[in-house]
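**Student:** Give me a model of this one.
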Amino acid sequence: MKHRPLRHRLEYSAYLALSRALMVLPHRAVRAFGRGLGALGHALDARHRALARRNLAVALPELDAVERCRVVAACYRHFGAAFCEPLSACRFSAKELEQRFRIEGLAHVEDALAGGRGALIVCGHFGSWQTAIYPLARALGTLHVVARPPDNPFVARDLMRLRERWGAVVLDRSGVGHRVVNLLRRGAVVGVVIDQRPPPGAGIVVPFLGRPARSTEVPAFIATRLGTPAVPMTCWPHDDGTYTIRLGPPITTAVGQGPEAVERLTRAYLATVEEDIRRRPELWLWMHDRWKA
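**Tutor:** This is a model prediction of the structure:
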């Protein structure tokens, strides 16, 4: 993280202005505002718009050119809303969290924890994964989340404060492996986003949406060493401002350790994200250069 005090303070002032303005609006209006921001981004961001269409063409070749354009435009609108909604949702009371978020499959996390080796929650950059942190942390008591903090330290501190309100603990993903291992050994629940390309030189190559893609192997590596189950999670947004969080059956570790076991488990984790993407492709982050070597 580069230290740029003046720039960071200007960015933080803009962030505060936006977050305070969003608090004035009803949550559905915040989502509509975010979709408008996304539509503006779609119009202005020619480079990533073209990248998203190329990614779609090779990952989902059954879509024609017209449908690819529709999906990419909808993707920008969705991520505009996904950017704004966590700032809006942080004001929810416990009662409103219960009203707006339906959690399906929470017993799967309890089943995973029954083995005494903690539990991973794995998901992709899909749907409203960031907003799901609030109700999940509240339902579980404590949820540790591995994430890359914003470069702006003032924004990072504020976002951490909002998440911690409901029991979420954010772990900086840089060098986090040992902390995750220790937490799982103590029976904690750790959330990990698994679908982005890792830094150069890291990760393993496995198929993702039918194409070889460099992917993080760290969750699977830890799981094979500790015997920790992983519970897939998806948060589906609805037009009325409510959400459905779906937790799937635990993915248990394969017998044995080593590169082959790690690869099998990594494939199994990514397959749960692929299934969601094929159902609703506009809810995934196509603007990321996922298949870059």
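**Student:** Strands of the stretch 1-150 of the chain, start to end?
**Tutor:** For the stretch 1-150 of the chain, the strands defined by DSSP state E, counting those that start in this stretch occupy 101-104, 119-123, 143-147.
**Student:** what packs against the second one?
**Tutor:** Which is strand 119-123. helix 106-113, strand 189-193, helix 218-226, strand 230-237, helix 259-279 (3 or more Cβ pairs under 8 Å, 6 or more residues apart in numbering; DSSP states H and E). Every residue, glycine included, has its C-beta placed from N, CA and C.
**Student:** for the longest one, packing partners?
**Tutor:** Pointing back at helix 259-279 there. Under the contact criterion of 3+ Cβ pairs under 8 Å, 6+ apart, helix 259-279 touches strand 119-123, strand 204-208, helix 218-226, strand 230-237.
**Student:** buried sites along it?
**Tutor:** Using 16 or more other Cβ atoms under 10 Å as the test for burial, helix 259-279 gives 261-263, 265-270, 272-274, 276-277.
**Student:** Now do that helix against strand 189-193: the angle between them, please.
**Tutor:** Interaxial angle, helix 259-279 versus strand 189-193 (axes from the mean of the first three to the mean of the last three Cα atoms, to 10 degrees): 70 degrees.
**Student:** Outside of helix 259-279 itself, list whatever touches it.
**Tutor:** 60, 122-124, 126-127, 194-195, 204, 206-209, 215-217, 219-221, 223-224, 230, 232, 234, 248, 251, 253-255, 283-284 (Cβ atoms under 8 Å, 6 or more residues apart in numbering).
**Student:** What subset of those is buried?
**Tutor:** 60, 122-124, 126-127, 194-195, 204, 206, 208-209, 215-217, 219-221, 223-224, 230, 232, 234, 248, 251, 253-254, 283-284.
**Student:** Next up, phi/psi of Gly227, please.
**Tutor:** Torsion angles at Gly227 (phi, psi; degrees, to the nearest 10) stand at phi 70, psi 30.
**Student:** Quick check: end-to-end length of stretch 235-249?
**Tutor:** One end of stretch 235-249 sits 15 Å from the other (Cα to Cα, to the nearest Å).
**Student:** any idea of the mean pLDDT in it?
**Tutor:** The average of the pLDDT scores along stretch 235-249 is 96.
**Student:** List the buried residues in that stretch.
**Tutor:** The neighbour-count check on stretch 235-249 (16+ other Cβ under 10 Å) flags 235-237, 241, 243-248 as buried.
**Student:** Likewise for stretch 29-41?
**Tutor:** By 16+ other Cβ under 10 Å, the buried positions in stretch 29-41 come out as 30-35, 37-38, 41.
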